[in-house]
Every structure is written in structure tokens, then in C-alpha cells.
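1. structure for the following, please:
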Amino acid sequence: MKRLERLFAIVWKEWLQVFRDPSALLVAFVLPAVMLFLFGYGLSLDATDVRIGAALEDSSPLARSFYNSLDASKYFSANYYSSRSEAELALRNGEIRAVVVVPNDFSQKVGRGETGTIQILTDGGETNLSLIAENYLTAAFAKWRRAQLYETGSATKSSGVVLETKTLYNTAQISRNSLTPGSMGMILAMIGTLLTCMVVAREWERGTMEATLATSVGRFELFFGKLIPYFLLGLVAALYSALMTRYLFHVPFRGSLLAFIYASSAFLLVATSQGLLISSICRDQNLASQIALLSSFLPNYILSGVIFEIDAMPQILQIITYVFPARYYVVCLQTIFMAGDIWPLLNRQIGCIAIIGAIFFVAAIAKTPRRL
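-> Below you'll find the model as predicted:
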């Protein structure tokens, strides 16, 4: 009986401790809800409303009917371009995912009984989406040919049309070539945040923060003094990760080292500032590391677009992805490795990273302690 009383006393004490400790409630109730929300809506290998471009150099009724079949599909969001070069430029800049080209002699060849070719160009820098877009377009082409047969009662016109597919930047469609550079974004996000998240928390635990604040060191000196070493350490990690990607996994590197350092520096400033902000708020190393992992690795893994296509997510989740800098950094890495230095695209992505970084930067400086 005494043992049961002691057991119940310990259980009651632990229950009280659970409800007094917000972190335990966070792990028990909030974390499962967040993870199920992300996994349930974010984990999808399908894609709808894929952005494609149609370059109709031939505006014949036959070519227009094929374009209209794409425009009416729920799987595509079609944009019209007057020339192939204009559509390819939009593909390089990341505005569209694939290009359908109808050459200017298409209707003439079909009219003469020759073979008319419709060409599909996909961006191999994103292998999964490239395969999805190619399969969708191939299926749409087959459906269009059946519709032509049904409408005309003859396969004369559509039978003389063939589909030709071509993958740009990653001709062999090797998934490693797009996944490995993209995974560097998740790795650096976790490294940069973890390196700095426990800096201030560790000093509070050890009691050295009080000694530092007793000196004449100002807030900016304290912030930058803690950020710079870990930023440089993260940049070294980024460089050797790029070397491993290039020479160990044989992923082509078509851009420049300048572009890579430029994009990586912007991203690491965000990650290290985020870590310092966490460490300034949390004075416990374990709690700081948990929050860092929860806020850096998990969202960036699911919402960066490396594994799971953002276009396949619900609209609300697509909007949330704009908050995470890894979404933009992954695009930069895949572009630098697979396509080269496309500066309009890179500057646009790095500009978004800089905006997010400025918010973390200001918040981290504001939370940096300057007095006991």
C-alpha cells in the first residue's frame, strides 16, 4: 500500500511538472500537429497547375487546337509565347517549367503528308518535376490525338504529328544532379542555425555572460563578435560541400565560384542570425537546440522544393514556403550547378533571401543582451 501511495505521489508530481513546463506541452501537442500538417499537405509527388510555355510559331488551326487542349487542362497553366527563344528565356529564368514548341513549318508538313513535330523542352535541373511535366504533356498529346480522331472521324491529320522531348541542363535526367545541390540548402540551414543557437545560451548557463556584460562591450560588438566566426565556419562548410558534390558525386558545376559564394553568404547570414536570435531568447542549450532543429531542418526539408514539388502543395502552404529562405537558396544552387550563372534569376532569389535575412538580423541585434 505504501508503495502505491509513493507511486501515485510521484505520478502526481510529474503531472504537475508537465503542466508547469511549456516545452513538454509543446512537444506533446504542438509538435505532432505541426508535423502532421507539414507531412500531410507537403509530402506529395504529384503536381497540378504546372507552369508551361507554348511557343506557337505556327498559328494554324491544328496547332491552336493542341494549345487549347493544354490550356483547358487542370494540370497546366499555359502561357503563350510568340517565339521559341522567348519561351526558352522564360524557362531559364524559372518563370515556367516546360516549353511546348510548334515550329513555323508544322502545318505545311502535315498538309503535304509529311511528319510534323511538336517539341517539348523540360528543365532537367528539377528532375522530378521534369519527369512529371514530360509525362503530363505526353498524356495530353495522346488525348489530343484521340480527340482529333473523334472530331474528324479520320486520323489523317493527327497521325502525321509526332512528339519529340528534350531535357535541358540534365539530359540524362539523373536525380542526383538536382537532389544533391538542393540538399546542401537543408544542410547549411541546420549547420548555420545549430552553430550559433547555443552560443548565448551556453554563456548564460556557465555564468560568463554576466562577466561579458560587465565590460564596455556594446550590443553590436557582442553580436558581430559572435556571428563572424560561425559565419566563416559555415562558409568553409559550404565550400567543401560543393567540392564533394562536384568531385565525389560528379555533379556538373556550370556556374562560377563567385555566384556560389554570393548566394551561400546571403543564406548563411540568415541561418546564423536565426541561431543567434534563438540563443538570445532561450537561455537553455537543450531548448535552443530543439527549437533550432524544429525551425530549420524540418520546414526546409519539406517546404524548400528539393524533394516535394511546391506547385503540388495547397495554396496556403505555397504561401508559407515564401517565408523560408531555403526555398530561394535551393533554386540558386540548382541553377549554379546545372545551368550556370543566370544572374536575373539568381539576383531575384538572393534578393528574397536578403529581405528575410534583414528581418532576422534586426531581431537578433534587438534581442542581444546589453545589460544584466
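2. could you use CA atoms for every contact and neighbour count after this?
-> Fine.
3. ok, the residue most central in space within the chain to A201 distance?
-> When the chain is reduced to its mean C-alpha position, the nearest residue by CA atoms, centre = their mean turns out to be S304, at 2.6 Å. Counting by CA to CA, to the nearest Å, the gap between S304 and A201 amounts to 28 Å.
4. now L188
-> Relative to A201, L188 is positioned 21 Å away (criterion: CA to CA).
5. dihedrals phi and psi, A98?
-> Main-chain dihedrals, A98, degrees, to the nearest 10: phi -150, psi 160.
6. could you do A242 as well?
-> A242 has phi and psi values of phi -70, psi -40 when expressed as degrees, to the nearest 10.
7. ditto for G340
-> Dihedral angles of G340 (phi, psi; degrees, to the nearest 10) stand at phi 120, psi -160.
8. which residue is the nearest non-sequential neighbour of the residue nearest to the centre of the chain?
-> In this structure, S304 finds its nearest non-sequential neighbour in R327, 4.1 Å apart by CA to CA, 6 or more residues apart in numbering.
9. wait, isn't that neighbour in contact with Y301?
-> No: counting by CA atoms under 8 Å, R327 stays clear of Y301, with 9.6 Å between them.
10. and those two? Which one has more around it.
-> The residue with more neighbours, out of R327 and Y301, is R327; 26 against 21, by other CA atoms under 10 Å.
11. separation between the more buried one and N170?
-> Using CA to CA, we find R327 at a distance of 21 Å from N170.
12. now do stretch 352-363, average pLDDT.
-> Per-residue confidence for stretch 352-363 averages out to 90 on the pLDDT scale.
13. who's in contact with stretch 121-138?
-> 46-47, 50, 75, 91, 97-101, 120, 163, 165-171, 173-175, 177-179, 309, 334-335, 338-339 (CA atoms under 8 Å, 6 or more residues apart in numbering).
14. dump that stretch to PDB, restricted to CA.
-> Once side chains and other backbone atoms are set aside, the C-alpha atoms of stretch 121-138 remain, and they are given as PDB (Å, rounded to 0.1, in the frame of the first residue of the first chain):
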ATOM      1  CA  LEU A 121      11.600  21.100 -73.600                       C
ATOM      2  CA  THR A 122      11.800  20.500 -69.900                       C
ATOM      3  CA  ASP A 123      14.200  21.800 -67.200                       C
ATOM      4  CA  GLY A 124      16.300  18.900 -66.000                       C
ATOM      5  CA  GLY A 125      17.600  20.900 -63.100                       C
ATOM      6  CA  GLU A 126      14.500  19.700 -61.200                       C
ATOM      7  CA  THR A 127      14.400  16.100 -62.200                       C
ATOM      8  CA  ASN A 128      11.200  15.100 -60.500                       C
ATOM      9  CA  LEU A 129       9.200  17.900 -61.900                       C
ATOM     10  CA  SER A 130      10.800  17.500 -65.400                       C
ATOM     11  CA  LEU A 131       9.600  13.900 -65.500                       C
ATOM     12  CA  ILE A 132       6.100  14.800 -64.200                       C
ATOM     13  CA  ALA A 133       5.800  17.600 -66.800                       C
ATOM     14  CA  GLU A 134       7.000  15.300 -69.600                       C
ATOM     15  CA  ASN A 135       4.600  12.600 -68.700                       C
ATOM     16  CA  TYR A 136       1.700  15.000 -68.400                       C
ATOM     17  CA  LEU A 137       2.400  16.600 -71.700                       C
ATOM     18  CA  THR A 138       2.800  13.200 -73.400                       C
END
